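1. Here's my sequence, what's the structure:
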Amino acid sequence: MPAANFSGLPIEVIDAAGHVVVPGFVDIHEHITGGGGEAGPASRTPEAQLSEIIAAGVTTVVGTLGTDCVSRSLENLRAKVAALEADGLHAHMWVGCYRVPSPTLTGSLVRDMTLVVGAGEVAVSDHRSSWPSTAELLSLAADARVGGMLIGKRGVLHLHVGDAPSLLGPLWAVVNATGGALPMTHLLPTHVSLRGPALLADAARWVRQGGHVDFTADQAGENASVAALLEWRRVGVPLSGVSLSSDAFGSLPEYDSAGRLVRYGAFSPASLLATVRALVLAHGWAFPTALQLVTRNPAHFLGLLAAGRVEAGLPGDVLVLREADLALRWSFARGKKVLAPGWVKKGMFEK
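-> Numbers count the residues shown, from 1 in each chain. Modelled structure (predicted):
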């Protein structure tokens, strides 16, 4: 077959010698309208800027509320999702917040599933949780699943897990209450890499029995998730059951033993690529092994069939990384360039 001739067409040719081409990242947990508030109104974190998401290599993002579902609303979250879609990304949302009963868009989680990927993030085993009962969690999971079935989606209940001694106990209780009739894969706990060895052990048992878990990517100067991934790989926990998300723009509070807030910050989406680079460059992982955590796995967990892959007929979400150091050089979302050396696409009001 003769080589294609594109001369005369408005096409830019990129010399990708010395680079690797991979799918755009799928970040299933970002506070795109901002988060926080645990230290009072002044601690409400800013909403996401388009350029920050793009510069992190993310082409598919799922927004969520968190602790604050009073000054933060689902309507605002839905509008932000629409804005990111209009700016060229793939954007989705969870419906609900830490508390149960959780807010909905239409008055019914089953109806909401036409607009969302699932329910969450609902807090369990956390001092900011409303401590929902097994029956309440089971109802949420069942509604997400049935609503998803009716619209052709996976339908997942996304659960923020804190550091209380109950660990994944609330999730095990839901599974046991149904005698296994509700598949474990419809419950997706997150932050399980941040709470210490007891929760990690419980999460490993969850994955070994067929469930999925979401790790939170390491922020600058941290290594909890990298250390956990190294250990899980060493002992043979299936990494196909693990995704990595950034928790971007959410608050990063730290409490002392008495429950007093002692430090406050915000998560960055740049942690996704930084964690992948650490696994590959510092610890010798094969790139595809690390890459699945931010591409194929999260897309599969939520049933985002067009995300996390580079194939003919798919939307064209592609990253070009320098092979030597995995630095992001170009990004394409929906087949259009959104990042190049010295340039990144910005939102309407970004300077």
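2. Please make it C-alpha for all contacts and neighbour counts, starting now.
-> OK.
3. can you list contacts of the least confident helix or strand in the chain by mean pLDDT?
-> In the chain, no helix or strand scores lower on mean pLDDT, DSSP states H and E than strand 254-255, which sits at a mean of 77. The contact list for strand 254-255 (CA atoms under 8 Å, 6 or more residues apart in numbering) reads Leu261, Val262, Arg263, Tyr264.
4. Check the offset of whichever helix or strand comes after it from the chain's centre.
-> Next in sequence after strand 254-255, counting helices and strands by DSSP states H and E, comes strand 261-263. When distances are taken as CA atoms, centre = their mean, to the nearest Å, strand 261-263 is centred 25 Å away from the chain's centroid.
5. what do you get for stretch 152-168?
-> Remark: stretch 152-168 is offset 13 Å from the chain centroid, using CA atoms, centre = their mean.
6. on that earlier part again, can you flag the buried ones in the contacts of strand 254-255?
-> Among the contacts of strand 254-255, not one is classed as buried by 16 or more other CA atoms under 10 Å.
7. Which of those residues sits closest to Ala340?
-> Checking the contacts of strand 254-255 against Ala340 with CA to CA, the nearest one is Tyr264 at 32.8 Å.
8. ok, so what distance separates the residue nearest to that closest one when sequence neighbours are not counted from Ala266?
-> Take Tyr264 and drop its neighbours on the chain: the residue closest to it by CA to CA, 6 or more residues apart in numbering is Pro253, 4.5 Å away. According to CA to CA, to the nearest Å, Pro253 stands 8 Å off from Ala266.
9. So those two - more neighbours on which side?
-> Remark: of Pro253 and Ala266, Ala266 carries more neighbours, 19 against 16, as counted by other CA atoms under 10 Å.
10. what's the spacing between that one and Ser73?
-> Relative to Ser73, Ala266 is positioned 19 Å away (criterion: CA to CA).
11. Same check on Val320?
-> 36 Å.
12. and the nearest residue to Leu321 once chain neighbours are set aside, what does it touch?
-> Leaving aside its chain neighbours, Leu321 sits nearest to Leu328 (4.6 Å; criterion: CA to CA, 6+ apart). Going by CA under 8 Å, 6+ apart, Leu328 touches Ala55, Gly57, Leu319, Val320, Leu321, Arg322.
13. Let me know the secondary structure of the third one.
-> Following DSSP: H, G, I helix; E, B strand; the rest coil, we place Leu319 in the strand state.
14. For the nearest residue to it once chain neighbours are set aside, give the beta-bridge partners.
-> Using CA to CA, 6+ apart and skipping the chain neighbours, the partner closest in space to Leu319 is Ser331 (4.5 Å). Per DSSP bridges, the residues bridged to Ser331 are Leu319, Leu339.
15. And for Ser251?
-> Note on Ser251: beta-bridge partners Ala266, judged by DSSP bridges.
16. how many neighbours does it have?
-> Count around Ser251 with other CA under 10 Å applied: 25.
17. what residues are up against it?
-> Neighbouring residues of Ser251 by CA under 8 Å, 6+ apart: Gly35, Gly36, Gly37, Arg44, Thr45, Tyr264, Gly265, Ala266, Phe267.
18. where along this structure do the helices fall?
-> Remark: helices assigned in the chain by DSSP state H are 50-55, 74-86, 109-112, 134-151, 169-177, 197-208, 224-235, 271-277, 287-291, 296-302.
19. looking at those helices, which is closest to Val21?
-> Here helix 287-291 is closest among the helices of the chain (CA to CA), at 11.4 Å.
20. Any chance you could list what contacts the closest one?
-> So helix 287-291 is contacted by Val276, Leu279, Val280 (CA under 8 Å, 6+ apart).
21. Distance of the spatially closest residue to the first one that is not a sequence neighbour relative to Val22?
-> Taking CA to CA, 6+ apart as the measure, Val276 lies nearest to Ala290, with 5.8 Å between them; neighbours along the chain are not counted. Between Ala290 and Val22 the computed distance is 12 Å (CA to CA).
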